[in-house]
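Asker: need a 3D model of the sequence below.
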Amino acid sequence: VQLVESGGGLVQPGGSLRLSCAVSGFTFGSYVMKFYTMSWYRQAPGTERELVAHITGAGDSTHYLDSVKGRFTISRDNAKNTVSLQMNSLKPEDTAVYYCYARANWGSDYWGQGTQVTVSS
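Answerer: Reported below is the predicted structural model:
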């Protein structure tokens, strides 16, 4: 299973970015996507990786880091094997490498390579 993130870049404070994660390599195709909880983590220099948001397999429950609540929205499209993170009202402290993470109900997990988000004027 491979996870490929895209959508990172440089944005001014108050701006928006939309990150996408494309998932591929399922043996049984998109049918199994619903068995994966999908998450976005981030890691800034000198800090530990932290969970930003996650969404259940069916997309019926989400969880957010307190500092991003009301600004970030996680969503998924199981038919397209994608998960997205819409980030609005970005702040300099949101600057980090953002990683997509997939965890199956049976415990297998996978990481993407990360995409850089820089919020600066």
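
Asker: now find how far off-centre stretch 36-52 is within its chain.
Answerer: 8 Å (C-alpha atoms, centre = their mean, to the nearest Å).

Asker: actually, stretch 80-98.
Answerer: 7 Å.

Asker: buried ones in it, by neighbour count?
Answerer: 81-85, 87, 90, 94-98 (16 or more other C-beta atoms under 10 Å). Where C-beta positions appear, they are placed from N, C-alpha and C, glycine not excepted.

Asker: the residue nearest to the spatial centre of the chain: what's it in contact with?
Answerer: The C-alpha lying nearest the average C-alpha coordinate of the chain belongs to Trp40 (C-alpha atoms, centre = their mean; 3.0 Å). By C-beta atoms under 8 Å, 6 or more residues apart in numbering, the residues touching Trp40 are 19, 21, 51-54, 74, 83, 85, 98-101.

Asker: try 7 Å this time
Answerer: Residues in contact with Trp40 (C-beta atoms under 7 Å, 6 or more residues apart in numbering) are 19, 52-53, 74, 85, 98, 100.

Asker: using a markdown table, lay out those together with pLDDT and secondary structure.
Answerer: Output for those, formatted as a markdown table (pLDDT from 0 to 100; DSSP: H, G, I helix; E, B strand; the rest coil):
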| residue | pLDDT | secondary structure |
| --- | --- | --- |
| Leu19 | 98 | strand |
| Val52 | 98 | strand |
| Ala53 | 98 | strand |
| Ile74 | 98 | strand |
| Leu85 | 98 | strand |
| Tyr98 | 98 | strand |
| Cys100 | 98 | strand |
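
Asker: which one of these is nearest Ser67?
Answerer: Proximity of the contacts of Trp40 to Ser67 (C-beta to C-beta) peaks at Val52, which lies at 9.0 Å.
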